[in-house]
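Colleague: My questions concern the predicted model and sequence given below.
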Amino acid sequence: MVYRRDLDLHRLIIAFDRGRVRTDVPLITLAVVEAALSPEQRRVLRGMIDVLEHVHVESVSTQTEAERLAEVVARMEQPADMAAAHVVAVSHHLDWPALTADAGRWDAVKAHLPWRVELLELADLG
């Protein structure tokens with residue numbers, strides 16, 4: 001999940017939720033995104049996640065989840081992009097595409113993976 005002050009993005013996520021489309025947000029990615037936001041933006045983002053029924057935050061709370069994440073991190077150039085690694089681990093596990101604002105950002109990540117990661121760029125959804 002990307003967070004921008006973009007009403008179209010907000011509408012898309014709300015439309016997904018209303019359509020009962022499950023959207024999973026990797027927790028490490030969420031933390032990295034939140035770190036770049038103002039306190040006000042963080043409150044808005046957290047409130048949105050809390051209110052939307054079909055938005056789920058994917059944590060790393062079990063050994064299996066940690067193993068999935070470690071498998072991705074081990075294949076990445078170091079230092080590993082932990083936000084990207086968690087997106088890849090969740091996407092691969094669920095066999096779902098990853099939503100991104102910048103597909104080009106993923107070229108270096110995808111180059112080291114033994115499997116395909118399907119990316120849906122937000123620009124492609126308009």
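Modeller: Nice, I can see it.
Colleague: From V21, how far out is the residue of the chain most remote from its centre?
Modeller: Residue farthest from the centre of the chain, counting by Cα atoms, centre = their mean, is E40 at 20.9 Å. In this view, E40 and V21 are 27 Å apart by Cβ to Cβ, to the nearest Å. (C-beta placed from N, C-alpha, C; glycine too.)
Colleague: backbone phi and psi for the closest residue in space to L122 that isn't next to it in sequence, please?
Modeller: Distances taken as Cβ to Cβ, 6 or more residues apart in numbering place A101 nearest to L122, at 5.2 Å, with adjacent residues excluded. Phi and psi for A101, reported as degrees, to the nearest 10, are phi -90, psi -20.
Colleague: mind checking which helix or strand the residue farthest from the centre of the chain is in?
Modeller: Using DSSP states H and E, E40 maps to helix 39-51.
Colleague: After that helix, which helix or strand is next?
Modeller: As assigned by DSSP H and E, the chain's next helix or strand after helix 39-51 is strand 55-58.
Colleague: Tell me the helix or strand right after that following strand.
Modeller: helix 63-75.
Colleague: Would you report the backbone torsion angles of P26?
Modeller: Dihedral angles (degrees, to the nearest 10) for P26: phi -60, psi 130.
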